[in-house]
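**Student:** what follows is a predicted protein model with its sequence.
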Amino acid sequence: MLKRAWILCICLPALLPAALLRIEVSERSDVLDGKAFASAGPYERIVGKAYFVVDPSLPANKIITDIAQAPRNEDGLVPFSADFYCLKPRDPHHGNHAVLFEVSNRGGKGMLGTFDLGGSPDPRAEHDFGDGFLLEQGYTLVWLGWEFDVPPGPDALHLYAPVAQGISGLVRSEITVDHHAIRQSLGDRSLLAYPVMHPDDPALALTVRDRPDGPRRSIPRETWHIEGGTHIVMPAGFEPGKIYELVYTSNNPPIAGLGPAAVRDLISFFKYGILADTVLGDHHDYIQRAYGFGISQSGRFLRTFVYYGFNRDEQGRLVFDGIMAHVAGAGRGSFNHRFAQPSRDGHPFLNTFYPTDIFPFTDLAETDAETGITDGLLTHATPPAAAPKIFYTNTSYEYYGRSASLIHTTLDGEKDAPLAPTTRIYFLAGCQHGPSPFPPQHWDAQNLWNPNNYRWTLRALLVALDSWVKDGAEPPPSRYPKIADASLAPLRAVAFPKLPGVQFPTRIQQAWHVDYGEEFRTAGIVTVEPPKVGTAFPMRLPQVDADGNDTAGIRMPATAVPLATYTGWNLRSPGIGAPDELYSMTGSFIPFARTRAEREKTGDPRLSVEERYTSKQAYLDKVEAAAGDLVKERFLLQRDVPLVVARASAEWDFVEAR
């Protein structure tokens, strides 16, 4: 095992377009002391820093906001760097000839947790690799820092972006707390914030409102102050369940769009690079395919990536062959504009009116009747030759809290929209944004969080995506709720049963027409903050059965053979304020009564466990049969059926022990 730091220098021939210059490797070691992972054999771990330059005059780079204002080196190129992390087969001959790149979520690493049922910021131990699924498949696993506002940390991945010197502009900070607090960062959830240029300016105005679309009320200037340029202090305290907002002027914004450019150029290097004889410089001889995977913020990054046209490199070649954008809903994000805040997303009661849920939403072009603009994710700047195969996977939560219906309905909400031939949409019914730990807890929500585990289906879908790209094998047909068969409906038409002690939502997240000023769409410059808010786009939600479980989509065995109602929504507890608002990113787990007498006593209209199943074994037999059906449909791998049954057994014991 090599422990000393060393530098891997990768030099580009002078005549090649500028992109990746070199990777300085700080650590290289065997994974698990050389353990073999099936036919892929032993893996190695490479940690370092990637150095890039881009030519601002090239058309492929002119899509980067403010690139013309970026500082240049003596060759007229814009230099920058990013943290790099890779797990690869020690012998690339034995790999599956594919890069699986995870777009890091706020500097972290999540795909080992998603696909391998393990996970760690710096995987080294046996349990970090779970059951080794991705490594057994032979993928070269790659991460790269793309986000400039990630706080310092030993395992966090950062983008080290140059700034546009001398430029000033508006920044909006929104603050929502669940518990009493006196001091808050102006950045999202303690990520790095743009400093206030004039922190003592008496004209700075802090407002508060009760609803995202409610009226703003001013807070007296003498009751709060700016500390260190990046924090706001209010001795009386921020009240839980309220939305605070400060608009201020900052300067010298980092060139945020270099993040997607770095991803583009790194993947291009793996596929096409002809660099010096190094362990990575020869990978173009082995890597034939590249896939982009992203969860939540990172899934929105991938939607934004293709929208701006980053899926072709400086020479016009295809970057990602396939993309799996997971739980992104209809969102994009602040990844390529001036004073971007990449971590600002969009929730029912958090980070509202940021450039996240903005038109267009569908891959194919559609016309917004309110603005007259025609646009689409794949028709804006991505030519057909650069369009990847795309899987959009969303849970029930994304329909309530991330505007997911907009990716497959017309803008008026009246019809199902056509899909691009290279796109598939899969709805993971009865699931929340990320499965809750088991056994589930309440935390700050009214109901137990939803533990319905869909990770096994993502494994099967990754296999299907690879087969589609590699062999041309058609993946499973899209499966999602539709207007045409009444499995998609307005909030008022969702037939959720009346359950004792359970309140169905009356408010959900909305996507709005928002106006950030005339220069936003053309130049990525926000000149109006807060933005002017127009009408909301119509949202549609999955219809449910008599138990309150979703009727359409891919139904996990837990939903197909239920012990509970599994929803994509939960409400904030009264203790954290705004109890009629959705609790972000969570669903509900509402167990059935154990016996008929118990449900009749409480007035629960759902059949009890004893009325549905004659015994635990009879229940598990049904679960195994439902899992077998998913295997036939290619939504589950045969290897995972025992895991599904074991989890069902644990859920039975939990419900019976309540």
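**Tutor:** Received, thanks.

**Student:** how about the helices in the stretch 1-150 of the chain?
**Tutor:** 59-62, 111-115, 133-137 (DSSP state H, counting those that start in this stretch).

**Student:** next one: the shortest one to chain centre, how far?
**Tutor:** Remark: helix 59-62 is offset 26 Å from the chain centroid, using Cα atoms, centre = their mean, to the nearest Å.

**Student:** equivalent analysis for the second one, please.
**Tutor:** Here the centre of mass of C-alpha atoms in helix 111-115, compared against the chain's by Cα atoms, centre = their mean, lies 13 Å away.

**Student:** if you count contacts, what does it end up packed against?
**Tutor:** Helix 111-115 is packed against helix 133-137, strand 289-295, helix 455-471, with contacts defined by 3 or more Cβ pairs under 8 Å, 6 or more residues apart in numbering; DSSP states H and E. C-beta here means a position set from N, CA and C on the backbone, and glycine is covered the same way.

**Student:** I'd like to know which elements the helix or strand in which residue 269 is found is packed against.
**Tutor:** Here residue 269 sits within helix 258-272, counting by DSSP states H and E. Helix 258-272 sits against strand 20-30, strand 41-54, strand 78-89, strand 98-102, strand 140-144, strand 159-160, strand 289-295, helix 297-308, with contacts defined as 3+ Cβ pairs under 8 Å, 6+ apart.

**Student:** before we move on, the earlier item: make CSV from the helices and strands packed on helix 111-115 and add mean pLDDT and distance to residue 615 to it.
**Tutor:** Formatted as CSV, the helices and strands packed on helix 111-115 follow (pLDDT from 0 to 100; distance: least, Cβ to Cβ, whole Å):
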stretch, mean pLDDT, distance to residue 615
helix 133-137, 98, 33
strand 289-295, 98, 38
helix 455-471, 98, 25
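
**Student:** can you lay out these as TSV showing mean neighbour count?
**Tutor:** Output for the helices and strands packed on helix 111-115, formatted as TSV (neighbours: other Cβ atoms under 10 Å):
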stretch	mean neighbour count
helix 133-137	24
strand 289-295	24
helix 455-471	20
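
**Student:** mind putting those into JSON lines with distance to residue 639?
**Tutor:** Below are these laid out as JSON lines (distance: least, Cβ to Cβ, whole Å):
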{"stretch": "helix 133-137", "distance to residue 639": "9"}
{"stretch": "strand 289-295", "distance to residue 639": "20"}
{"stretch": "helix 455-471", "distance to residue 639": "9"}
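
**Student:** just want the most central residue of this structure.
**Tutor:** residue 296 (1.4 Å; Cα atoms, centre = their mean).

**Student:** touching, it and residue 328? I think so.
**Tutor:** Yes - using Cβ atoms under 8 Å, residue 296 is in contact with residue 328, at 6.7 Å.

**Student:** still on that earlier bit, the helices and strands packed on helix 111-115: which one's closest to residue 113?
**Tutor:** helix 455-471 (8.3 Å; Cβ to Cβ).

**Student:** for residue 449, find the nearest of the helices and strands packed on helix 111-115.
**Tutor:** The nearest among the helices and strands packed on helix 111-115, by Cβ to Cβ, is helix 455-471 at 15.7 Å.

**Student:** quick one, the closest one and strand 289-295 angle?
**Tutor:** 160 degrees (axes from the mean of the first three to the mean of the last three Cα atoms, to 10 degrees).

**Student:** could you give the angle of helix 455-471 to strand 98-102?
**Tutor:** Going by the same axes, to 10 degrees, helix 455-471 makes 140 degrees with strand 98-102.

**Student:** what residues does helix 455-471 touch?
**Tutor:** For helix 455-471, contacts defined as Cβ atoms under 8 Å, 6 or more residues apart in numbering pick out 96, 98, 100, 114-115, 117, 133, 137, 288-289, 291, 293, 321-322, 324, 326, 389, 391, 393, 426, 428, 435, 473-476, 554, 556, 630, 634-637, 640, 643-644.

**Student:** so residue 117 is in contact with residue 130, correct?
**Tutor:** Yes - between residue 117 and residue 130 there is a contact under Cβ under 8 Å: 3.9 Å.
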